[in-house]
Each structure stands twice: as C-alpha cells, then as structure tokens.
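# Any chance you could fold what I've pasted below:
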Amino acid sequence: MNVKVILYFCIAFLVIWAMDAVNINQIFKKNRVAQARVFYLLLGLSLTYLITNFIYDFFLASQIF
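Sure thing, here's the model as predicted:
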C-alpha cells in the first residue's frame, strides 16, 4: 500500500479527534444543522489534505541523496 494513503488515514483520525475539541455550534445560525455538518466535513477533509501533503513533502525534501 502506498505510504501516502496510510498517512491520509492516520492524519484523518488525528484531525477528527482534534476538531472534536472545538465547539463550532456558536458560529452557525439556529436550525442550520445540515450546513454545519457539511462545513465540518469540508474543514476536516481540507485539513487532512493540507497536513498530509505537508508531512509527505517535508520528508521527501529532507531525504539526503
């Protein structure tokens, strides 16, 4: 299996765990549950993508040839 795929899964669990500590209910208007869930999902996917690519690129760039 590709290292990047494994990294995606590991980082996704960390992002979801970290986002669980943030209370985002105060940001959204009342009765906008579906929009809040979509935002939460997109934010989690975005953070997972950014963090995974940063870590992967960092390790590729730090290899000594």
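# Helix, strand, or coil at residue 23?
coil (DSSP: H, G, I helix; E, B strand; the rest coil).
# Counting neighbours, what do you get for it?
A count of neighbours around residue 23, defined by other C-beta atoms under 10 Å, yields 7. (Glycine included, C-beta is placed from N, CA and C.)
# distance of it from residue 32?
15 Å (C-beta to C-beta, to the nearest Å).
# what sits against the residue nearest the centre of the chain?
Residue closest to the mean C-alpha point of the chain, counted by C-alpha atoms, centre = their mean, is residue 48 at 2.7 Å. Contacts of residue 48 were listed using C-beta atoms under 8 Å, 6 or more residues apart in numbering, and they are 8, 11, 12, 15.
# before we move on, what about residue 24?
36, 39, 40.
# That one and residue 9: what is the separation?
In terms of C-beta to C-beta, residue 24 sits 24 Å off from residue 9.
# cool, residue 38 as well?
22 Å.
# Repeat that for residue 26.
Residue 26 is 31 Å from residue 9, by C-beta to C-beta.
# ok, these two, which is more surrounded?
residue 9 (12 against 5).
# Show me the contact partners of the helix or strand where the more buried one lies.
Residue 9 belongs to helix 3-19 when assigned by DSSP states H and E. Helix 3-19 is touched from outside by 40, 43, 44, 47, 48, 51, 52, 55, 56, with contacts defined as C-beta under 8 Å, 6+ apart.
# repeat that with 6 Å
44, 47, 48, 51, 52, 56 (C-beta atoms under 6 Å, 6 or more residues apart in numbering).
# May I have that helix exported as CSV, CA atoms only?
Output of helix 3-19 as CSV, limited to C-alpha atoms (Å, rounded to 0.1, in the frame of the first residue of the first chain):
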residue,chain,number,x,y,z
VAL,A,3,2.7,5.4,2.2
LYS,A,4,0.7,8.5,1.3
VAL,A,5,-2.6,6.6,1.7
ILE,A,6,-1.6,5.3,5.1
LEU,A,7,-0.6,8.8,6.1
TYR,A,8,-4.0,10.1,4.9
PHE,A,9,-5.8,7.7,7.2
CYS,A,10,-3.6,8.4,10.2
ILE,A,11,-3.9,12.2,9.8
ALA,A,12,-7.7,12.0,9.2
PHE,A,13,-8.1,10.3,12.6
LEU,A,14,-6.0,13.0,14.2
VAL,A,15,-7.9,15.8,12.5
ILE,A,16,-11.3,14.4,13.6
TRP,A,17,-10.0,13.9,17.1
ALA,A,18,-8.7,17.5,17.3
MET,A,19,-11.7,19.0,15.7
